[in-house]
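>>> Just a sequence and a predicted model for now, questions to come.
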Amino acid sequence: MTNPEHSTYLAVDLVLQALIGPPKSPVESCIERAEAGETAPVITDVALYCAACSVRPGDAVDFPRFARLLRCAVIQATRVVNDRGQAPPTEKEISNWRQAALRAQGELGTIEFPSVDVKPLTKERPN
């Protein structure tokens, strides 16, 4: 595992892209960088849940690619509760994530995965 300073939080659409995106999707470069030890993808439990809720019957799921992502990712538990409580994502949210995940690489261009400074959560509140 790499240093936390090389961690990259993955949004729902990238997690979903690992599941149902077309071959050679941009998420594959993230997986390759993680496998090479250049970055450590972080997937929140909420992103994983929302991506799973977005898979539809008839989708061609790329289980090997998704497994590769999970092998090198850190799954982070959150305490996120939205205004609907723990309700599933809306159809509009799912539709947006699916559109982003299913786009061909050429439509998206090159996606850079910048490093972010990840710090542990504390119970202290800012002044």
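Happy to help now that I have it.

>>> use CA for all of it now, contacts and neighbours both
Fine.

>>> and residue 50, how many residues sit next to it?
Residue 50 has 22 neighbours, counted by other CA atoms under 10 Å.

>>> Mind giving me the packing neighbours of the lengthiest helix in the chain?
Secondary structure of the chain read by DSSP state H shows that its longest helix is helix 91-102. Secondary-structure packing of helix 91-102 (3 or more CA pairs under 8 Å, 6 or more residues apart in numbering; DSSP states H and E): helix 12-20.

>>> residues making contact with the helix it packs on?
Helix 12-20 has contacts (CA atoms under 8 Å, 6 or more residues apart in numbering) with 25, 27-28, 43, 47-48, 50-52, 54-55, 59-63, 65-66, 69, 97-98, 100-102.

>>> Sort out which of these are in helices and list them.
Here DSSP H is the test, and those give 27-28, 47-48, 50-52, 63, 65-66, 69, 97-98, 100-102 as lying in helices.

>>> Those residues, buried ones only, as a ChimeraX selection?
Buried residues among those (16 or more other CA atoms under 10 Å), as a ChimeraX selection:
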select :27,28,47,48,50,51,65,66,69,97,98,100,101,102
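
>>> quick one: which of the ones in helices among the contacts of helix 12-20 is nearest residue 7?
residue 69 (13.6 Å; CA to CA).

>>> one step back: quick one: the longest helix of the chain to helix 12-20, angle?
60 degrees (axes from the mean of the first three to the mean of the last three CA atoms, to 10 degrees).

>>> May I ask you to name the longest strand in the protein?
strand 40-44 (DSSP state E).

>>> Check which residues of the helix or strand where residue 30 lies are buried.
Assigned by DSSP states H and E, residue 30 belongs to helix 27-35. Going by neighbour count (16+ other CA under 10 Å), the buried part of helix 27-35 is 27, 28, 30, 31, 33, 34, 35.
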